[in-house]
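1. Here is my input; please provide its structure:
(one chain, ligands or ions: 1)
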Amino acid sequence: MNAASPNKPVAYQEGVQDFYGRDFIVTPDVLIPRPETEQLIDTVLNLAGKPYLTGIKPSPRVLPENPVILDVGTGSGCIAITLKLELKETKVYASDISPEALKIAQKNALKHGAPITTIISHLLEKVKSGDISTPDIIVANLPYVDKNWDWLDKKSLSYEPSIALYAEDHGLALIKKLIDEAAELKIPYLILEADPCQHEAIIKYAKYYNLSRTDGYILSFIYRYTHQA
Ligand SMILES: C[S@@+](CC[C@H](N)C(=O)[O-])C[C@H]1O[C@@H](n2cnc3c(N)ncnc32)[C@H](O)[C@@H]1O
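-> Okay, the predicted model is just below:
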């Protein structure tokens, strides 16, 4: 336990972090939600034709009405819960490989009165097995930090779970695997967070997906062979 450490992030000391205007419970079992991830919410609301925080006029809806959403690597549940609260009629699944993280996501769902379905899963294994119905849209802020980046503040990151931060292959291993699995399942929309320095490599890798836009850290992909009405 490091309760007395002066470097412990304030969010862990206070046990809460604001995300998209709401307080989320956080413990050292989950990543502290970051402001750059809020743009992922704006991106999905934009696709759903809804107004969003930054006040930009919404675009016409491209997602089906009441889409099934899967948040892969949900951690505190901040993305899944926010989307459920903003898009009330949607079915939202929240998955994570970490049972400890899912417990926090469940607490947050209860706190915010957001009925989401949580499930332990390594990437899309539970979609492939049929435990989760095939989503219309997958959102994911997976671990993408490369341990070798020389700008990392390793001291402050050391309080957060390694499983939530780091990935092999220059930080891209899990993102690439998710892209492969999503393409195999022909998931129509894939919204990913990654460091902007990784975007070019990800766009190149996602050969079955067309990039529809980038917003800060967020990449939006549409499956190439999805029929657009
Ligand atoms: C960067 S954190 C994101 C947490 C939260 N979605 C957010 O945006 O604050 C990544 C999450 O992915 C989970 N994770 C790591 N490897 C995974 C895998 N193979 N399959 C599913 N989830 C995984 C971690 O446990 C962690 O909760």
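2. And the helix or strand of the chain with the lowest mean pLDDT, what's buried?
-> The helix or strand of the chain with the poorest confidence is helix 154-157; it has a mean of 88 (mean pLDDT, DSSP states H and E). Neighbour counts over helix 154-157 (16 or more other C-beta atoms under 10 Å) mark Leu157 as buried. C-betas here are computed from N, CA, C, even on glycine.
3. Using CSV, list the CA coordinates for that helix.
-> Taking C-alpha atoms only, helix 154-157 is exported to CSV below (Å, rounded to 0.1, in the frame of the first residue of the first chain):
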residue,chain,number,x,y,z
LYS,A,154,7.2,6.8,-15.1
LYS,A,155,7.0,7.8,-11.5
SER,A,156,3.4,9.0,-11.6
LEU,A,157,2.4,6.2,-14.0
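4. Just the pLDDT for Gly15.
-> At Gly15, the pLDDT value in this model is 98.
5. now it: how far from Asp29?
-> Distance of Gly15 to Asp29, computed by C-beta to C-beta, to the nearest Å: 12 Å.
6. With neighbour numbers in mind, choose between the two.
-> Asp29 (18 against 11; other C-beta atoms under 10 Å).
7. so the more buried one sits right up against Lys103, yeah?
-> Yes. The pair Asp29 / Lys103 is scored as a contact, 7.4 Å apart, by C-beta atoms under 8 Å.
8. Give the phi and psi angles for Thr117, as a check.
-> Backbone torsions of Thr117, given as degrees, to the nearest 10, read phi -110, psi 120.
9. Dig out what it forms beta bridges with.
-> Note on Thr117: beta-bridge partners Tyr93, judged by DSSP bridges.
10. thinking it is in contact with Thr90, fair?
-> No. The criterion here is C-beta under 8 Å, and Thr117 misses it with Thr90 at 11.5 Å.
11. Look at the two and report which has more neighbours.
-> Counted by other C-beta under 10 Å, Thr117 and Thr90 do not tie: Thr90 has more neighbours, with 20 against 16.
12. Measure how buried Val68 is and give me the count.
-> The burial count for Val68: 16, using other C-beta under 10 Å.
13. Done for today, thanks.
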